[in-house]
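> Quick check, what structure comes out for this input:
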Amino acid sequence: MKLEILFFGITADIAKEKSIQLEIEDENYVEDLRTILYTKYPRLSDYKNFSVAVNMEYATDDVILKNGDAVALIPPVSGG
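Residues are numbered from 1 along each chain as shown. Predicted coordinates:
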């Protein structure tokens, strides 16, 4: 299946991309995608506390991904 991966903040700096098309096997969870991305972009593992949104909704690691999903990697936000 194909996913669109959107990178924001530090995740975009690490990937050196704002978005990519990623082909993965069917029946993967968000948790599996994290593992795939840590392999593809090892420095991402230094920022494991980033949030994931699937089709513009925050998602937990147990969400099943579907063909055509847009997945955003959102780093922690701080402010004052």
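> show me the contacts for residue 14.
7, 41, 43, 44, 47 (C-beta atoms under 8 Å, 6 or more residues apart in numbering). (C-beta placed from N, C-alpha, C; glycine too.)
> Which ones among those residues lie within strands?
Here DSSP state E is the test, and the contacts of residue 14 give residue 7 as lying in strands.
> Work out for me the element the residue nearest in space to the middle of the chain sits within.
The residue lying closest to the centre of the chain (C-alpha atoms, centre = their mean) is residue 73, at 4.3 Å. Per DSSP states H and E: residue 73 is located in strand 70-74.
> returning to what we had before: who wins on neighbours among the contacts of residue 14?
residue 7 (24 neighbours; other C-beta atoms under 10 Å).
> Touching, it and residue 18? I think so.
Yes - in this structure, residue 7 is within contact of residue 18 by C-beta atoms under 8 Å, at 5.9 Å.
> Now for these two: what residues contact both?
With C-beta under 8 Å, 6+ apart, residue 7 and residue 18 have no common neighbours.
> The chain: helices as residue ranges?
Secondary structure of the chain by DSSP state H: the helices cover 10-15, 30-40.
> mind listing what the nearest residue to residue 67 once chain neighbours are set aside touches?
In space, and not counting its chain neighbours, residue 67 is closest to residue 1: 3.8 Å by C-beta to C-beta, 6 or more residues apart in numbering. By C-beta under 8 Å, 6+ apart, the contact list for residue 1 reads 23, 24, 25, 26, 28, 65, 66, 67, 68.
> what sits against residue 65?
Residue 65 neighbours (C-beta under 8 Å, 6+ apart): 1, 3, 24, 28, 29, 30, 32, 33, 54, 71.
> who wins for most neighbours among those?
residue 33 (23 neighbours).
> Return the member of the contacts of residue 65 nearest to residue 61.
residue 30 (4.9 Å; C-beta to C-beta).
> Please report how far that closest one lies from residue 77.
For residue 30, the distance to residue 77 (C-beta to C-beta, to the nearest Å) stands at 19 Å.
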